[in-house]
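Asker: sharing a model prediction with you, sequence too.
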Amino acid sequence: MAVHTRMFSSNTGEAAGESLNGPQIRAVKAIHGPVLIIAGAGSGKTRVITYRIAYMLERGIPQSAILALTFTNKAAREMEERVKALTRKKLQNLTVSTFHAFGVKILRDEIERLGYRTNFSIYDETDRMQLIKDSLRECKLSPEGVDLYALGQLFSNIKLGRLRWGEGANAAFEPVYEEYQQRLKVFNALDFEDLLVIPIALLEGCPEVLEKYRRRYRYIMVDEFQDTSLTQYRLMRLLADPIEKNVCVVGDDDQSIYSWRGANYENIRMFEQDFPGTLEIKLEQNYRSTTTILEAANGVISNNTNRKEKKLWSGNGGGKPIQIFTPQNERDEADFIVGEIKKIRLKEGLTYNDFGVLIRTNALTRSIEEAFLAENIPYRVSGGTSFFQRKEIKDIISYLRIIANSDDDVNLLRIINTPRRGIGKTTVAALAALARQNHSSLWSAMSILRYATDTFRDQSFQETDNADMDSFMTLIEGYKEALLGKRGLSQKVRALVEEIDYWGYLVTEFSKNEQVARWKFANISSLIESIAYWEHDPDNLDPTLYPYLNRISLITREDGAGDTDKGKVNLMSIHAAKGLEFPVVFIAGAEDGIIPHARSLEEGDGDLEEERRLFYVAITRARDKLFISSCLKRRRLQGTIECSPSPFLAEIPSHLVEYPEAKTPGACAAEAEDVLALLKNRFT
């Protein structure tokens, strides 16, 4: 069946059907010349792109002449699969790719022109960090005194042209950078930035290569254009034929939230300047959200000045008012979120996967995770690290697991030399060999050495090794006696943290950035506080170590293990939520200093506008219901501060908002009766 008879059969714009609305049809059919599609949130952007590719194929344009660029492998796969489903054709010659994967494609064919071999390696972050260390040593500098992450960022910015030596970049590291570059070339290796920078150098330096790719790719499309960097824009502009200019870019400047990784929403304006006569098409009909949610989003984003004017609208009806809740603290906030999820799920038959809980920073996850855990609500953390997966938290939990079960080799290896106590890799390797020889755990191997006579001591171990191991075992055994089956868990964990001097360990590890050390130690304080809260819960009949560790184990279950019919609540950063949607969304921590983040207030209006765009993205993830919470007080580091609501809340039109009050005991009882009635109806 011909594609056009299906997609142009109606102008009703039914999201679930085969039809497209008027602006979408214009976007699909405008395949010649430069085209800028401003695609608002939920406006069917991906659908338009896939239909556009299908339309071009139907018009006789060869697959090999089409290049579609996007930002993630997942998005590229989804786009290709949707075109296949639409056209029912094999697409061996269609190029749907990320920018970096396309760069690799060019390099595989052309890199020999620059003196590399075609079997080059692409270094990941671990390889790259090791190469930076080696380069520092070659330049007679110690890696121990250098922030390697910051140096890696500096090298990236130099390579991408964002900084120059002596102009915002520390020129003392220029020899290290030159050594790093030379080593990459000698090792026939590329880093991530090279996958864009070297193809650009090839296209600019070899006219015949540039002409070859321009002749092949006569139709170029770029998805999520607002997220392109200047380097990616430069690559796209080079590839575009200067005469035909068949380039279509699709994006939304209101959703540009990645400036911290080089994205430049000004590329939309540059495109219009570099490609005169650009046809601009706006997709403003939103198929995702209710009118209430869209009016709230429009009210917020209209306060930005550097944007394309647009106004999203919906045919989905008015919808429920936005609920803004002001809990006393983060624990009340988490209880509110959990309570609403349980109530809505029961009343409306939703799965856990239908709920999205969005946060601005990872620091907000702990209390929410604790509340999910307490109510046995399955969840996944995206766009950040679960509180219980952070290294400092896993270290302390590993101590507790070894106290509970000393034969746990995995957790023993994690903490045997953390903080450092002289039990290094050589000692651990010798211990592992002894354990294999005796078919025992590492702890048992240490016990054998501890009580063996000199005659039986393995020559691999020095006296200092034995002393260090003996000290470690004494520590564990002492806390085993103090903790197992006894109460006062939080106080004893605090004593353990002090005895191993974990604070001193953090200060040493982050000697160049004590703020990071303080933040990580504050996480440990939060862990101890959460243990205290758990053990003092009147409903907790056994507040001892084993039940606590069993409780923690629930968090680390593999995705998909159990609850397959109900899914998991999505706890994620707002950045990670971009492109996703949920029937019910909670935005937690909508307080001044969090949304917008304090750093944006320090760095000027431009960053404040990006924070507003971030809040706009969060709002437009919701389809039916939106809850926003703003605490009156919040714990920061080891103190509690008074909080003010996010200024963005005042930008939501007041008639769209409700402020529910804290429930009275009577109201709670009435709600409980309603829930009980629902359960009776469901099971009778």
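Answerer: All right, it came through fine.
Asker: spatially central residue in this protein, please.
Answerer: Central residue of the chain (C-alpha atoms, centre = their mean): Gly383, 1.9 Å from the mean position.
Asker: name the helix or strand for the residue lying closest to that one once chain neighbours are set aside, please.
Answerer: Nearest non-adjacent residue to Gly383, counting by C-beta to C-beta, 6 or more residues apart in numbering: Ala576, 2.4 Å away. C-betas here are computed from N, CA, C, even on glycine. Per DSSP states H and E, Ala576 falls inside helix 574-577.
Asker: ok, and what's touching that helix?
Answerer: By C-beta atoms under 8 Å, 6 or more residues apart in numbering, the residues outside helix 574-577 that reach it are 257-258, 356, 358-360, 382-384, 570, 587, 614-615, 617-618, 621.
Asker: how close does the residue nearest to the centre of the chain get to Asp124?
Answerer: 20 Å (C-beta to C-beta, to the nearest Å).
Asker: low-confidence ranges in the stretch 551-684 of the chain?
Answerer: Applying pLDDT under 70 to the stretch 551-684 of the chain flags the ranges 554-566, 600-606, 637-638, 662-684.
Asker: next one: Glu110 from Ala30, what distance?
Answerer: Separation of Glu110 from Ala30 (C-beta to C-beta) stands at 32 Å.
Asker: more neighbours: which of those two?
Answerer: Higher neighbour count among Glu110 and Ala30: Glu110, with 19 against 16, using other C-beta atoms under 10 Å.
Asker: my guess is the more buried one meets Leu202, correct?
Answerer: Yes - applying C-beta atoms under 8 Å, one finds Glu110 in contact with Leu202, separated by 5.3 Å.
Asker: what is in contact with those two at once?
Answerer: Common contact partners of Glu110 and Leu202 (C-beta under 8 Å, 6+ apart): Val209.
Asker: low-scoring pLDDT stretches of the chain, where are they?
Answerer: For the chain (pLDDT under 70), the answer is 1-18, 168-169, 452-465, 554-566, 600-606, 637-638, 662-684.
Asker: rerun that using 50 as the cut-off
Answerer: Applying pLDDT under 50 to the chain flags residues 1-6, 8-17, 455-456, 556, 558-565, 604-605, 664-667.
Asker: leaving out the residues flanking it, which one is nearest to Thr385?
Answerer: Of all residues not flanking Thr385 in the chain, Asn362 sits nearest, at 6.1 Å (C-beta to C-beta, 6+ apart).
Asker: quick one, what contacts the one you found?
Answerer: Shown in contact with Asn362 (C-beta under 8 Å, 6+ apart): 384-385, 387, 573.
Asker: I'd guess Asn570 is in a strand, am I close?
Answerer: Yes - when DSSP: H, G, I helix; E, B strand; the rest coil is applied, Asn570 is found to be in a strand.
Asker: I figured it was touching Pro378, is that so?
Answerer: No - using C-beta under 8 Å, Asn570 is not in contact with Pro378, being 10.7 Å away.
Asker: looking at these two, which is more packed in?
Answerer: Shown here are Asn570 and Pro378; by other C-beta under 10 Å, Asn570 has more neighbours (23 against 20).
Asker: and stretch 651-660, which residues are buried?
Answerer: The neighbour-count check on stretch 651-660 (16 or more other C-beta atoms under 10 Å) flags 651-652, 656-657 as buried.
Asker: helix/strand/coil for Ser553?
Answerer: Of the three states, Ser553 takes helix according to three-state DSSP.
Asker: ignore the last one, Leu203
Answerer: Here Leu203 is recorded as helix under three-state DSSP.
Asker: returning to what we had before: which among the buried residues of stretch 651-660 gets closest to Asp253?
Answerer: Glu651 (17.8 Å; C-beta to C-beta).
Asker: neighbours of the nearest residue to the closest one once chain neighbours are set aside, how many?
Answerer: Closest residue to Glu651 apart from its sequence neighbours, by C-beta to C-beta, 6+ apart: Val300 at 4.6 Å. Look at Val300: counted by other C-beta under 10 Å, it has 23 neighbours.
Asker: counting contacts, what elements does the host helix or strand of Val300 pack onto?
Answerer: Per DSSP H and E: Val300 is located in helix 291-301. Counting contacts by 3 or more C-beta pairs under 8 Å, 6 or more residues apart in numbering; DSSP states H and E, helix 291-301 packs against strand 313-314, strand 322-325, helix 605-619, strand 622-629.
Asker: out of those, the one nearest Asn188 is which?
Answerer: Closest to Asn188 of these is helix 605-619 (C-beta to C-beta; 39.0 Å).
Asker: can you tell me how far Tyr233 is from Gly277?
Answerer: Distance check for Tyr233 against Gly277: by C-beta to C-beta, it reads 19 Å.
Asker: next, the buried residues of stretch 500-514.
Answerer: Those would be 500, 502-503, 505-506, 509-510, for stretch 500-514 by 16+ other C-beta under 10 Å.
Asker: redo those residues as JSON lines? Include distance to Leu442 and secondary structure.
Answerer: Shown next, in JSON lines, are those (distance: C-beta to C-beta, whole Å; DSSP: H, G, I helix; E, B strand; the rest coil):
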{"residue": "Ile500", "distance to Leu442": "18", "secondary structure": "coil"}
{"residue": "Tyr502", "distance to Leu442": "22", "secondary structure": "helix"}
{"residue": "Trp503", "distance to Leu442": "27", "secondary structure": "helix"}
{"residue": "Tyr505", "distance to Leu442": "21", "secondary structure": "helix"}
{"residue": "Leu506", "distance to Leu442": "25", "secondary structure": "helix"}
{"residue": "Glu509", "distance to Leu442": "24", "secondary structure": "helix"}
{"residue": "Phe510", "distance to Leu442": "28", "secondary structure": "coil"}
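Asker: closest one of these to Pro23?
Answerer: Closest approach between those and Pro23, by C-beta to C-beta: Phe510, at 51.8 Å.
Asker: contacting residues around that closest one?
Answerer: Counting by C-beta under 8 Å, 6+ apart, Phe510 touches 516-517, 520.
Asker: do Ile652 as well
Answerer: So Ile652 contacts 296, 299-300, 322 (C-beta under 8 Å, 6+ apart).
Asker: just the buried residues of those residues.
Answerer: Listed as buried from the contacts of Ile652 are 296, 299-300, 322; burial here means 16+ other C-beta under 10 Å.
Asker: with distance to Thr326 added, can I get the buried residues of stretch 500-514 in a markdown table?
Answerer: Output for the buried residues of stretch 500-514, formatted as a markdown table (distance: C-beta to C-beta, whole Å):
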| residue | distance to Thr326 |
| --- | --- |
| Ile500 | 40 |
| Tyr502 | 36 |
| Trp503 | 35 |
| Tyr505 | 39 |
| Leu506 | 34 |
| Glu509 | 38 |
| Phe510 | 35 |
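Asker: can you classify Arg380 by secondary structure?
Answerer: strand.
Asker: test my guess that it contacts Leu571.
Answerer: Yes - in this structure Arg380 lies within contact range of Leu571 using C-beta under 8 Å: 6.9 Å.
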